[in-house]
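Student: Here is the input, now give the coordinates:
(2 chains)
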Amino acid sequence: MSVLVLAEHDNNTLKDATLAAVTAAGQLGGEVHLLVAGQGVAGAAQAAAAVAGVAKVLVADDAAYANQLAENLAPLLVDLMAGYDALVAPATSAGKNVAPRVAALLDVAQVSDIIAVDSPDTFQRPIYAGNAVATVQSSDAKKVITVRTTAFAKAAATGGSAATENVAGKGDAGLSSFVGAELSQSDRPELTSAKVIVSGGRALGSAEAFQTVIEPLADKLGAAIGASRAAVDAGYMPNDYQVGQTGKIVAPELYIAAGISGAIQHLAGMKDSKVIVAINKDEEAPIFQVADFGIVGDLFQIVPEMTSKL
Amino acid sequence: MKVLVPVKRVVDANVKVRVKADQTGVELANVKMSMNPFDEIAVEEAVRLKEKGIASEIVVVSIGEAKASETLRTALAMGADRGILVKTDSAPEPLGVAKLLSKIVGEEAPGLVIMGKQAIDDDSNQTGQMLAALLGWAQGTFASKVEQDGDKLNVTREVDGGLETLALKLPAVVTTDLRLNEPRYASLPNIMKAKSKPIAEKTPEDYGVDIAPRLKTLKVSEPPKRQAGIKVETVDELIGKLKEVGAIA
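Tutor: Here you go, the predicted structure:
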C-alpha cells in the first residue's frame, strides 16, 4: 500500500489542510508520499519534506500548475497514480475541484469528505448536512478520497526528512486559463484552522456592523471571523467567510455565534466546535440547541460588553 | 448554443432528516422532496442565458426513480424546453451519473452543461468534475458568475481564499454555487405550460452504461449528539463560564 497526498500550499508554505490529509493517509497504512504541484514551489517542497510521516515528496514545478487548474493537474495525478493505491486530497476548494476529475479518469468512485478511516477500504463520511454519518466500503482497486480536515489531527510539520523527486506532467491541457483572483487579505488566523471564531449572522444588518461589533471582539480574542450564509447572501461579508454545509467546515476550540439563528446548513459547518456560545435575541433559535452557553439578548449590547470585559 | 442542465430530486433542504432505526439509511417515507437547491440555481442560470439570447434551447435531465419527472416539470416551469428522464431503481453514484450524462451529452451535443456543485443529500460534490473529465472538457466549479467572452466562458469561482476567475474553452461544464443567482418562482401560467412540454423516458441500458455501485453502504448512523448547554443571564456569567472550561484565558 502506498498513498499519494495532494499538498495544498501557497508555493512557500504548506497549508494546515495538508497536514490533516497526511494523518488520514497514514491511517490507510503504507508509505505516504506528498505531491507538491505548482510554480516556484521550492519553499513548499522543503516544508513538505519535513512533515513527519512523509516518505517522499514529488515536486511538479511547471507554469501549467501555477493556479491549480484541474484540467492540467488531473492528467499529472492520473499518471502518478499508476504507482499508488490511493489518492488523498484535503476537501478544500482546490481538492474538491480536482479529485473527482482524477477519480473519473481512473474509473473510481470517489469517497468525499471522510471523517474517519475504519480500515483501508472503509470510511465514514457525513451525509445530509451532517445529520447522518454513512460508513462506506469501496470496492475499487484504487481509492480516491477527500478528507474533512477538521476531523483529523495535523501531522507534525517537522521531524521528517523525506527525499524529494522532481516529476513532470503533460503541462497545459489548453482547456482553461487563469484570469485573476480577488482574495481576501487579512492578518487574522485562517478560518479553517483558527482556535477561536467569532461569527455573525443576518441580525448584524450591515457590513459596517461586522466592522464595529464583530471585529473588535475577534481582535480581543485573536479570532477568525465567520459568517452565516444569510449574512454572506446579504453582502455583509465575502463568500469565503461562510461557515456551513457548502461553505467552510470549522471546529475551533471556541465558536461564538452572534445573531445566527442556526439553520441546519450552518450547524453542519460548526457543530464539531469544542465550545459553542450563542448570542441571539430569539430564545427559541435552534442555535441554542447546540450551544454550550447561550445568552438571550441584543447582540449590539452583549458583544461590545464582552469585548470591553475580556 | 444548447444548454444541458442535470437536476436531482432530493429531500427538501428544510427537512431535518432522521436516520432509520435499522441503520440502513435515512427515513424517506412521507418526506417532502424538492429539486436540489444548487440545481435550481443551474436551471435559473440557463434560463437567464436563454433570455440573453446566448442559450438557444435548454434540455433538463434527471436520473432516478419515476417521481424525478416532477423535478423535471419544475425545471420546465422555470423555463427549460424539454426533459429527459433516465429511470433507475435507486440513485446511482456520481460516477454512474457522470457516465450517463456523458452519453446524453454525446447525443445532444450541448455547448454548455450547467449543474449544481453538490446534491444536498449525499453531499458528494463530484458529478460535474467527473462529467468534465469523461468528456475531456474544461470545468468551472463553484461558479458565482458566468459570462460569455467570444468563444470562451469566463467563470468566477468561490474558492477558499475568496474569488478567482477562469477562462474556459467551450464546450464546458459549470457547477453552481449559492451566489450565482436567485432562482425564480414558476408562475402559474408557466406551470400549466410546462405540463405539455415533452419528457423523454430512458433507461441506463439505452445508453449502455453500467451504473452498478462501487461503494457499499455498511451503515448509516446518527452523528454524535451535542447536548444543549445552559443559558446564562449576564455577560459576566458568560465570561466566568468560558474561563471555567478553559475556552478563554
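Student: so A:G174 sits in a helix?
Tutor: No - with DSSP: H, G, I helix; E, B strand; the rest coil as the criterion, A:G174 is coil rather than part of a helix.
Student: my read: it touches B:L168, true?
Tutor: No - contact criterion C-beta atoms under 8 Å: A:G174 and B:L168 do not qualify, at 11.3 Å. C-betas here are computed from N, CA, C, even on glycine.
Student: right, and B:S34 touches B:V7 too?
Tutor: No - using C-beta under 8 Å, B:S34 makes no contact with B:V7, being 10.4 Å away.
Student: Quick one: residues in contact with the helix or strand hosting B:D39.
Tutor: Using DSSP states H and E, B:D39 sits in helix B:37-51. Identification of contacts with helix B:37-51 by C-beta atoms under 8 Å, 6 or more residues apart in numbering or on different chains yields A:246, B:3, B:5-8, B:13, B:35, B:55-58, B:60, B:75, B:78-80, B:112, B:114-120, B:146, B:174-178, B:180-184.
Student: So which of the residues you listed belong to helices?
Tutor: Members of the contacts of helix B:37-51 lying in helices (criterion: DSSP state H): B:A75, B:M78.
Student: Buried subset of the contacts of helix B:37-51, written for ChimeraX?
Tutor: Buried residues among the contacts of helix B:37-51 (16 or more other C-beta atoms under 10 Å in any protein chain shown), as a ChimeraX selection:
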select /A:246 /B:3,5,6,7,8,35,55,58,60,75,78,79,80,112,114,115,116,117,118,119,120,146,174,175,176,177,178,180,181,183
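Student: Give me the subset of the contacts of helix B:37-51 that lies in strands.
Tutor: In strands, defined here by DSSP state E, the members of the contacts of helix B:37-51 are B:3, B:5-6, B:35, B:57-58, B:60, B:112, B:114-116, B:146, B:174-176.
Student: Thought A:D16 was touching A:E190, still the case?
Tutor: Yes - with contact defined as C-beta under 8 Å, A:E190 and A:D16 form a contacting pair (7.3 Å).
Student: Check which residues of stretch A:9-26 are buried.
Tutor: Buried residues in stretch A:9-26 (16+ other C-beta under 10 Å): A:9, A:14-26.
Student: Please list which of these also come close to chain B.
Tutor: The subset of those within reach of chain B, by C-beta under 8 Å from any C-beta of the partner chain, is empty.
Student: hang on, the earlier thing: please identify which of A:G174 and B:L168 sits among more neighbours.
Tutor: Set A:G174 next to B:L168 and count neighbours by other C-beta atoms under 10 Å in any protein chain shown: B:L168 wins out with 24 against 11.
Student: what about the more buried one, is that helix, strand or coil?
Tutor: Classified using three-state DSSP, B:L168 is strand.
Student: nearest residue to it other than its sequence neighbours?
Tutor: B:A138 (3.9 Å; C-beta to C-beta, 6 or more residues apart in numbering or on different chains).
Student: show me what contacts the one you found?
Tutor: B:A138 neighbours (C-beta under 8 Å, 6+ apart): A:E71, A:L175, A:S176, B:A132, B:L166, B:L168, B:K169, B:L170, B:A172, B:V173.
Student: of the residues you listed, buried ones?
Tutor: Buried, going by 16+ other C-beta under 10 Å: A:E71, A:L175, A:S176, B:A132, B:L166, B:L168, B:K169, B:A172, B:V173, out of those.
Student: wait, which of those residues is closest to A:D107?
Tutor: B:A132 (15.2 Å; C-beta to C-beta).
Student: Just to be sure, B:G106 is in a strand?
Tutor: No - using three-state DSSP, the assignment for B:G106 is helix, not a strand.
Student: Would you mind measuring from it to chain A?
Tutor: 15 Å (C-beta to the nearest C-beta, to the nearest Å).
Student: Sheet partners, orientation included, of the one helix or strand A:V3 maps to?
Tutor: Per DSSP H and E: A:V3 is located in strand A:2-6. Looking at strand A:2-6 with DSSP bridges, its partner strands are strand A:31-38 (parallel), strand A:86-90 (parallel).
Student: Which secondary structure element of chain A has the lowest mean pLDDT?
Tutor: helix A:264-270 (a mean of 93; mean pLDDT, DSSP states H and E).
Student: Would you mind listing the buried residues in that one?
Tutor: A:I264, A:Q265, A:H266, A:L267, A:A268, A:G269, A:M270.
Student: Restrict stretch A:186-196 to CA atoms and write it as CSV.
Tutor: Included here for stretch A:186-196 are C-alpha records, laid out as CSV according to Å, rounded to 0.1, in the frame of the first residue of the first chain:
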residue,chain,number,x,y,z
SER,A,186,-6.4,39.6,6.4
ASP,A,187,-4.0,39.4,9.3
ARG,A,188,-6.4,37.2,11.2
PRO,A,189,-5.9,33.4,11.5
GLU,A,190,-7.3,31.3,8.7
LEU,A,191,-11.0,30.4,9.3
THR,A,192,-10.5,26.6,9.0
SER,A,193,-7.5,26.5,11.3
ALA,A,194,-8.4,29.2,13.8
LYS,A,195,-8.6,28.3,17.5
VAL,A,196,-11.4,30.9,18.1
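Student: Just the buried positions in it, please.
Tutor: A:R188, A:P189, A:L191, A:T192, A:S193, A:A194, A:V196.
Student: now do stretch B:76-96
Tutor: Those would be B:76-81, B:83-88, B:91-96, for stretch B:76-96 by 16+ other C-beta under 10 Å.
Student: Also near chain A: which of those, exactly?
Tutor: Among these, chain A is touched by B:E93, B:P94, B:L95 when using C-beta under 8 Å from any C-beta.
Student: and those as TSV, adding pLDDT and secondary structure?
Tutor: Formatted as TSV, those follow (pLDDT from 0 to 100; DSSP: H, G, I helix; E, B strand; the rest coil):
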residue	pLDDT	secondary structure
B:E93	97	coil
B:P94	98	helix
B:L95	98	helix
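Student: Distance to A:A285 added to these, as TSV?
Tutor: Shown next, in TSV, are these (distance: C-beta to C-beta, whole Å):
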residue	distance to A:A285
B:E93	37
B:P94	35
B:L95	40
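Student: just the strands in the stretch 201-310 of chain A please.
Tutor: A:224-227, A:254-258, A:275-280, A:293-296 (DSSP state E, counting those that start in this stretch).
Student: Can you convert the ones you listed into a markdown table and add a column each for distance to A:G43?
Tutor: Below are the strands of the stretch 201-310 of chain A laid out as a markdown table (distance: least, C-beta to C-beta, whole Å):
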| stretch | distance to A:G43 |
| --- | --- |
| strand A:224-227 | 24 |
| strand A:254-258 | 32 |
| strand A:275-280 | 35 |
| strand A:293-296 | 42 |
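Student: Take the ones you listed and write them to CSV, including distance to chain B and mean neighbour count.
Tutor: What follows is the strands of the stretch 201-310 of chain A, written out as CSV (distance: least, C-beta to the nearest C-beta, whole Å; neighbours: other C-beta atoms under 10 Å in any protein chain shown):
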stretch, distance to chain B, mean neighbour count
strand A:224-227, 12, 27
strand A:254-258, 4, 28
strand A:275-280, 4, 25
strand A:293-296, 5, 22
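Student: mind listing the strands for the stretch 1-150 of chain A?
Tutor: Taking DSSP E, counting those that start in this stretch as the criterion, the stretch 1-150 of chain A carries its strands at A:2-6, A:31-38, A:56-61, A:86-90, A:111-114, A:116-119, A:122-127, A:132-138, A:143-147.
Student: Those into TSV, with extra columns for mean neighbour count?
Tutor: Output for the strands of the stretch 1-150 of chain A, formatted as TSV (neighbours: other C-beta atoms under 10 Å in any protein chain shown):
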stretch	mean neighbour count
strand A:2-6	25
strand A:31-38	25
strand A:56-61	22
strand A:86-90	29
strand A:111-114	26
strand A:116-119	15
strand A:122-127	23
strand A:132-138	20
strand A:143-147	27
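Student: where are the low-confidence patches of chain A?
Tutor: Along chain A, the model assigns pLDDT under 70 to no residue.
Student: just the buried ones among the contacts of B:A138 now: which is nearest A:S93?
Tutor: B:L166 (12.6 Å).
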